[in-house]
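> Let's see this in three dimensions:
(chains A and B)
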Amino acid sequence: MPDGRPRLVFTGPTALARAFDLLQKGGYSCDIVAAPAGGSPCGMALALAERDLNPALAVLAALGASPRAVIGGAGGGQGGAHPPRVSISGMGGMNEPLPG
Amino acid sequence: MIYLDNAATANPKAPGVAEAMARSLGEYNANPGHGGHHLAVRATLAVYAARASLARLLGVADPSRLIFTSGATAALNQGITGSLPGAGHVICSTWEHNAVLRPLWAWGRRTGGTVTVLPAAPDRPVSPDEVERAIRPDTALIVLTAASNVTGALCPVAEVGEIARAHGIRFLVDGAQAAGHLPLHLDALPLDLWACPGHKGLLGPQGVGLLYVRPGIDLQPLLFGGAGFDSERREPPEEAPERFEAGTLNTPGILGLGAAAEHLLAIGIPAVRDRELGLQALLQEGLAGIRGVQTYTASDPRAGVGVVSLTVAGWTAGAAAETLDRDFDICARAGLHCAPLAHRALGTLPDGTVRLSIGAGTTPADIAAAVGAVAWLAAHPQAASRPGAVRGA
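As a prediction, the model looks like this:
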């Protein structure tokens, strides 16, 4: 069930930026967010409202990108002057299998 | 100053390039794709925007098929070396630049592979029929320049590409003198790889170039290193462009090139082409009437890209170019232009030619001045310099 919390999709930065661009142009709610760096996957992720997760995955698949992981239930955007960012405490859940 | 060395690098650059590069060092001064803090994200999105602008300009639907390199030489090395894991056979032409020839010679020495170099005429760099006749069972790659950097003559890319496709042979095009000068739709052309610099016809800064890789092409990376993700794997990422972009990108150069692409999109490449054709016709008409001047270019400007080589009776190419620079304040390029086989075919070894190449800043007055200066050279064979002339006169 949708819980309104963001979902993070990790993939390569160019595919991520392209998906971000296409989803935004399509009217979907998404952001590129900060995520813990140094691990694998690391660096960046696409944050999506749960209702947007499947379209985003479809866009990424159409782009030929392979999401490295999807994390559910990561908490709270910070807002402010910068694009909303999501803090992830720990790397747990990074290796969850993709839906479907 | 009259700058007629645009085939070496464009001068001036497009409006907005310098400003975009300066902004890169301030507003976007982080490592794109390598980090998740907000400045890295901003840099990532800016690099993507530049990639997307270039994709629109070059007729590429998927921006991730455009690989950023340090220039056309790096792009050609990636395309050649990444396509040739072992011995085999490659077809190229006499018009190739050393950025194509030297990687091929090195590959041949390393693997025992062989290269067929097709002869060509100034008006038409290579014959599609000759390409087809040169194909062997072990031909793995055809590499051709889209336009000669010595004569400007265009290669029949589409015709050769259809032949390559019919035989299942990979086709790499050196677009160094074509990008930014000709309307392009790379997705629609029958080619697999296209390499070009950012600093010539695309009017961007030096230090950044592009390799277009058609989807489905199996290309081995030339460089290995950090990609910013998938760090625990021993192999580089599978997906483009990161598979081929190990290490930190030249963000200032890329953002500068993105600004140049936006400029070219705004004015339109067909308008660039029309303007350059008019200037080339002026130049060719002017030079044709000068006794003692031999030109090497496509006889019909529409078969060229604004590049005209010439020799002047009684002058070495070097002395002629030096006099043009010193006494007429005209920047022209003398020598072999890194294309020794082309000059062998033209019969212009060992001195080469003087090359005049048109660009975005060239005016009809510049062409008239260049024609006048060449006429002076022709009227004064073996003269050391124009008497009484001073630089800038």
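> And the pLDDT at A:Arg85?
For A:Arg85, the model assigns a pLDDT of 45.
> Repeat that for A:Val59.
pLDDT, A:Val59: 88.
> Go ahead and name everything in contact with the helix or strand hosting it.
Element membership for A:Val59 (DSSP states H and E) is helix A:53-62. Here helix A:53-62 makes contact (CB atoms under 8 Å, 6 or more residues apart in numbering or on different chains) with A:7, A:9, A:11, A:15, A:19, A:22-23, A:26, A:28, A:30, A:46, A:48, A:66-67, A:70, A:98-99. From N, CA and C alone the C-beta is placed, and that goes for glycine too.
> Which ones among those lie within helices?
Mapping the contacts of helix A:53-62 onto helices (DSSP state H) picks out A:15, A:19, A:22-23.
> what helix or strand does the residue of the stretch 251-393 of chain B found nearest chain A sit in?
Closest contact between the stretch 251-393 of chain B and chain A, by CB to the nearest CB, is at B:Ile254 (11.9 Å). Assignment of secondary structure by DSSP H and E places B:Ile254 within helix B:251-267.
> can you check B:Leu356 too?
Assigned by DSSP H and E, B:Leu356 falls in strand B:353-357.
> Which SSE is immediately downstream of that strand?
Following strand B:353-357 toward the C-terminus (DSSP H and E): helix B:364-379.
> How about the stretch 151-300 of chain B: which residue is closest to chain A?
B:Glu232 (4.0 Å).
> quick one: secondary structure of that residue?
Secondary structure for B:Glu232, judged by DSSP: H, G, I helix; E, B strand; the rest coil, is coil.
> Could you tell me how many residues sit around the residue of the stretch 251-393 of chain B closest to chain A?
30 (other CB atoms under 10 Å in any protein chain shown).
> Provide a list of residues in contact with it.
B:Ile254 makes contact with B:24, B:47, B:50-51, B:68, B:208, according to CB under 8 Å, 6+ apart.
> Got the confidence number for it?
In this prediction, B:Ile254 carries a pLDDT score of 98.
> Give me the buried subset of the contacts of helix A:53-62.
A:7, A:9, A:11, A:15, A:19, A:22-23, A:28, A:30, A:46, A:48, A:66-67, A:70 (16 or more other CB atoms under 10 Å in any protein chain shown).
> what separates the residue of the stretch 151-300 of chain B closest to chain A from B:Arg102, distance-wise?
Separation of B:Glu232 from B:Arg102 (CB to CB, to the nearest Å): 37 Å.
> can you check B:Gly256 too?
The value you get for B:Gly256 to B:Arg102, if CB to CB is used, is 28 Å.
> Tell me which of those two has more neighbours.
B:Gly256 (31 against 16).
> Tell me which residues touch that one, please.
Neighbours of B:Gly256 in contact, by CB under 8 Å, 6+ apart: B:13, B:17-18, B:20-21, B:24, B:198, B:204-205, B:208.
> Just the buried subset of these, please.
B:13, B:17, B:20-21, B:24, B:198, B:204-205, B:208.
> Which members of those residues occur in helices, if any?
B:17, B:20-21, B:24.
> Can you show me the strands along chain B?
Using DSSP state E, the strands of chain B run over residues B:2-3, B:66-69, B:89-93, B:114-118, B:139-145, B:170-174, B:193-197, B:209-213, B:293-296, B:307-312, B:330-331, B:333-335, B:353-357.
> Need these in JSON lines (columns: mean neighbour count).
Formatted as JSON lines, the strands of chain B follow (neighbours: other CB atoms under 10 Å in any protein chain shown):
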{"stretch": "strand B:2-3", "mean neighbour count": "20"}
{"stretch": "strand B:66-69", "mean neighbour count": "26"}
{"stretch": "strand B:89-93", "mean neighbour count": "25"}
{"stretch": "strand B:114-118", "mean neighbour count": "17"}
{"stretch": "strand B:139-145", "mean neighbour count": "24"}
{"stretch": "strand B:170-174", "mean neighbour count": "27"}
{"stretch": "strand B:193-197", "mean neighbour count": "29"}
{"stretch": "strand B:209-213", "mean neighbour count": "29"}
{"stretch": "strand B:293-296", "mean neighbour count": "19"}
{"stretch": "strand B:307-312", "mean neighbour count": "26"}
{"stretch": "strand B:330-331", "mean neighbour count": "20"}
{"stretch": "strand B:333-335", "mean neighbour count": "20"}
{"stretch": "strand B:353-357", "mean neighbour count": "29"}
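> With B:His380 as the reference, name the closest of those.
strand B:307-312 (9.5 Å; CB to CB).
> other SSEs contacting that closest one?
Here strand B:307-312 touches helix B:269-288, strand B:293-296, helix B:317-328, strand B:353-357, helix B:364-379, going by 3 or more CB pairs under 8 Å, 6 or more residues apart in numbering or on different chains; DSSP states H and E.
> Save the ones you listed as JSON lines, and put in mean pLDDT too.
Putting the helices and strands packed on strand B:307-312 into JSON lines (pLDDT from 0 to 100) gives the following:
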{"stretch": "helix B:269-288", "mean pLDDT": "97"}
{"stretch": "strand B:293-296", "mean pLDDT": "96"}
{"stretch": "helix B:317-328", "mean pLDDT": "96"}
{"stretch": "strand B:353-357", "mean pLDDT": "98"}
{"stretch": "helix B:364-379", "mean pLDDT": "98"}
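> Now those in TSV, please, with extra columns for distance to chain A.
Formatted as TSV, the helices and strands packed on strand B:307-312 follow (distance: least, CB to the nearest CB, whole Å):
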stretch	distance to chain A
helix B:269-288	23
strand B:293-296	42
helix B:317-328	43
strand B:353-357	34
helix B:364-379	40
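> Pick the most deeply packed of these.
Highest mean neighbour count among those (mean count of other CB atoms under 10 Å in any protein chain shown): strand B:353-357, with a mean of 29.
> helices and strands around that strand, which ones?
Against strand B:353-357 (3+ CB pairs under 8 Å, 6+ apart) you get strand B:307-312, helix B:317-328, strand B:333-335.
> coming back round to it: nearest to chain B, of the ones in helices among the contacts of helix A:53-62?
Here the nearest of the ones in helices among the contacts of helix A:53-62 to chain B, counting by CB to the nearest CB, is A:Ala15; it sits at 6.2 Å.
> thought that closest one was touching B:Glu239?
Yes: using CB atoms under 8 Å, A:Ala15 is in contact with B:Glu239, at 6.2 Å.
> can you list residues touching both of these two?
Applying CB under 8 Å, 6+ apart, one finds that A:Ala15 and B:Glu239 are jointly contacted by A:64-65, B:64.
> would TSV of those residues with neighbour count, pLDDT and distance to B:Ala74 be doable?
Output for the shared contacts of A:Ala15 and B:Glu239, formatted as TSV (neighbours: other CB atoms under 10 Å in any protein chain shown; pLDDT from 0 to 100; distance: CB to CB, whole Å):
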residue	neighbour count	pLDDT	distance to B:Ala74
A:Gly64	17	81	24
A:Ala65	23	82	25
B:Ser64	25	95	18
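> and the residues you listed as CSV, adding distance to B:Val115?
Below are those laid out as CSV (distance: CB to CB, whole Å):
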residue, distance to B:Val115
A:Gly64, 33
A:Ala65, 37
B:Ser64, 31
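> Out of these, flag the one nearest to B:Ala146.
B:Ser64 (22.8 Å).
> ok, the closest one to A:Gly64 distance?
On the measure of CB to CB, B:Ser64 and A:Gly64 end up 8 Å apart.
> Find residues that contact each of the two.
A:15, B:239.
> Show me what the one helix or strand in chain A whose mean pLDDT sits lowest is packed up against.
Ranking every helix and strand in chain A by mean pLDDT, DSSP states H and E puts strand A:69-71 at the bottom, with a mean of 73. Here strand A:69-71 touches strand A:6-10, going by 3+ CB pairs under 8 Å, 6+ apart.
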